[in-house]
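K.L.:
I'd like to go over a predicted model; first the sequence, then the structure.
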Amino acid sequence: MTGSTDGRSSRLPPAGGYRYAGLGPRFLALLVDLMLFCSVFFPATRLVEGVWLMAPSDHRWVSGWLITDPLCVVFLVVMSIYYIGLEATFGATLGKRIVRIRVIAPSGGVPGWRKSVIRNGLRVIDSLPAFNLLGVVLILRTPERTRVGDLVACTRVIHREACALGGDGELAGVGRLMARRPESEGAQTRGRQLERARSE
């Protein structure tokens, strides 16, 4: 990934067409996704294990600090497929869609599978040293609100209303707006000319 003199990636479109999503909307999107997971995982745990919330003694695999269970592994796989699959194909999870943010590739379109795998796989790095601290600091301090996963995968998280993406990945919303501006300006000019002709 090559950088430009202003600290932004030259492989991404200019920042003028985007409003990058900060910590607030991304946290809200995460909460929505977590609520969705809880609505599925808690009943599944009750059905399989007989409890709503598993205590350390309820887990089958316990070795020092490592405490897990086959059911926990299944949950982890489901969460990975959820994030990677939805962001790769639609650019947004359910939480991101509700909050109206999305993940984009350098082309402005959806990231695709490779970038989505990299972006979500590096959540492990962004979570260091604890509570996603590294990712939080980077989102707050970088110009384009990028955590490690976004920097390496060359993806960005933007507000959907900032640029309504067309099927070919171009900024369709911005393009339509720019296309309408000359028409509206021309109509105003013709209106003024007609008013002057009537007054004469």
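P.N.:
Structure received.

K.L.:
And the pLDDT at residue 61?
P.N.:
At residue 61, the model reports a pLDDT of 86.

K.L.:
Next, the contact list for it, please.
P.N.:
67-70 (C-beta atoms under 8 Å, 6 or more residues apart in numbering). C-beta: built from backbone N, CA, C; applies to glycine.

K.L.:
Quick one: low-confidence residue ranges for this structure.
P.N.:
For the chain, residues meeting the criterion pLDDT under 70 lie at 1-16, 162-200.

K.L.:
all strands of it, in order?
P.N.:
Taking DSSP state E to define them, one finds strands in the chain at 61-63, 66-68, 101-104, 156-159.

K.L.:
Surely residue 21 touches residue 160?
P.N.:
No - applying C-beta atoms under 8 Å, one finds residue 21 not in contact with residue 160, separated by 9.3 Å.

K.L.:
Looking at the two, which one has more neighbours?
P.N.:
More crowded of residue 21 and residue 160, by other C-beta atoms under 10 Å: residue 21, with 25 against 18.

K.L.:
What are the structural domain limits within this structure?
P.N.:
Residue ranges for the domains of the chain, per automatic domain parsing: 15-164, 170-200.

K.L.:
Of those domains, which stretch is the most buried?
P.N.:
domain 15-164 (a mean of 16; mean count of other C-beta atoms under 10 Å).
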